[in-house]
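Colleague: make a model of this:
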Amino acid sequence: MWVHFLLLVLVFAAIGIQKLIAPYSKKQKVLLTIVFVVFFVFATFRAYTVGNDTPEYLRLFNLVNTQSSIANASSITRYELGYIALNYIVGRYTNNFTILLGIITAFYLVSSLYLVKRYARSVGTACVLMFTL
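Modeller: Numbers count the residues shown, from 1 in each chain. I've put the predicted structure just below:
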């Protein structure tokens, strides 16, 4: 829980610093870079026991890596074919589950970044809401 509070303080500090230091035209880029790098690091480099689903995804990653093809892996699991294929492809290059977490985290953060940059009136508020919700 302390890490959660630390991250919240870091997000508020990034908002405060960018309002004081960054030029107006680059405020959003500075804030978004700081916040999203922090989100990426903490979502990717975490213990496998953190989160409700992470142990199950680790089990699935290890199971898919034992299969000889994507078709075999998809026939023994209930997950979407795209997610199984991602697990299979990453598993062919490395047995490190953290790399899979990094790819998934990068995908959803880039998607969120695009949404925030395009539609948010207040980037700082969007970052705080994204973290707290």
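Colleague: rest of the way, CA atoms for contacts and neighbours
Modeller: Will do.
Colleague: element containing Ile15?
Modeller: Assigned by DSSP states H and E, Ile15 belongs to helix 2-20.
Colleague: packing partners of that helix?
Modeller: Applying 3 or more Cα pairs under 8 Å, 6 or more residues apart in numbering; DSSP states H and E, one finds that helix 2-20 contacts helix 27-44, helix 123-132.
Colleague: buried stuff in the first one?
Modeller: Put plainly, it is helix 27-44. Residues Lys27, Gln28, Val30, Leu31, Leu32, Val35, Phe36, Phe39, Phe40, Ala43, Thr44 are the ones in helix 27-44 that count as buried (16 or more other Cα atoms under 10 Å).
Colleague: right, and the last one touches Gly102 too?
Modeller: Right, the one you point to is Thr44. Yes: assessed by Cα atoms under 8 Å, Thr44 is found in contact with Gly102 at 5.0 Å.
Colleague: could you list the low-pLDDT ranges of this structure?
Modeller: Within the chain, the segments meeting pLDDT under 70 span 21-28.
Colleague: so which residue is dead centre in it?
Modeller: Centroid check for the chain by Cα atoms, centre = their mean gives Thr105 as the closest residue, at 2.4 Å.
Colleague: check which helix or strand covers that residue.
Modeller: Per DSSP H and E: Thr105 is located in helix 97-119.
Colleague: work out the gap between that helix and the centre of the chain.
Modeller: 5 Å (Cα atoms, centre = their mean, to the nearest Å).
Colleague: could you measure Val50 against Tyr57, distance?
Modeller: Separation of Val50 from Tyr57 (Cα to Cα, to the nearest Å): 12 Å.
Colleague: actually Phe45, not the one I wrote
Modeller: To Tyr57, Phe45 is 15 Å away according to Cα to Cα.
Colleague: more crowded one of these two?
Modeller: Tyr57 (16 against 12; other Cα atoms under 10 Å).
Colleague: list the contacts of Leu101.
Modeller: Counting by Cα atoms under 8 Å, 6 or more residues apart in numbering, Leu101 touches Ala43, Thr44.
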